[in-house]
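>>> Please work out how this folds:
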Amino acid sequence: MKTRESFSLFLMIFATPNFAKASTQIANHIDQAVYLKNPETNEILYVSQAYERLTGQSCEVFRGDFNRFLDVVYDVDRAYVKESLERQTSERYDESFRIVYSDSSIRWIRSRTFPIVD
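Residues are numbered from 1 along each chain as shown. You can find the predicted model right below:
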């Protein structure tokens with residue numbers, strides 16, 4: 001049943017004349033943070049609302065400075081994550097690390113990225 005639902009969703013997205021709007025609506029209704037970044041300028045082109053729930057940082061702060069994400073990364077993991085983030089532009093990225101939530105609790109997250117090429 002899940003496969004059929006996913007397939008229907010896939011068809012619905014691509015059948016929609018305004019693909020960008022449909023993609024944004026979907027990204028804003030899932031519990032995972034989604035963002036698009038220009039690899040040359042590090043400009044954040046899009047960030048989903050889940051980013052705020054995950055990090056406690058506003059989307060505007062993240063859009064203004066991509067490196068502000070490191071502020072929520074657990075101290076022990078920060079250097080590793082910073083180095084890993086620099087690889088994002090040229091290769092797939094699949095890492096797990098800890099972040100500090102706004103209530104000071106520490107939680108593991110999994111971050112996966114991949115380049116989108118024209």
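>>> Tell me which helix or strand the closest residue to residue 44 other than its chain neighbours sits in.
Nearest residue to residue 44, sequence neighbours excluded (C-beta to C-beta, 6 or more residues apart in numbering): residue 63, at 4.4 Å. For the C-beta atoms, the positions are set from N, CA and C on the backbone; glycine is no exception. Secondary structure from DSSP states H and E places residue 63 in helix 59-64.
>>> Show me what the helix or strand that that helix is followed by is packed up against.
Past helix 59-64, further along toward the C-terminus, the next helix or strand under DSSP H and E is helix 75-87. The criterion is 3 or more C-beta pairs under 8 Å, 6 or more residues apart in numbering; DSSP states H and E, and the helices and strands that helix 75-87 contacts are strand 93-100.
>>> Quick one: distance of the strand it packs on to the chain centre.
Strand 93-100 sits 12 Å away from the centroid of its parent chain (C-alpha atoms, centre = their mean, to the nearest Å).
>>> What pairs with the helix or strand following that strand, parallel or antiparallel?
Using DSSP H and E, the next helix or strand after strand 93-100 towards the C-terminus is strand 106-113. The strands beside strand 106-113 in its sheet (DSSP bridges) come out as strand 93-100 (antiparallel).
>>> mind listing what's buried in the strand it pairs with?
Neighbour-count burial for strand 93-100 flags 93, 95, 97, 98, 99, 100 (criterion: 16 or more other C-beta atoms under 10 Å).
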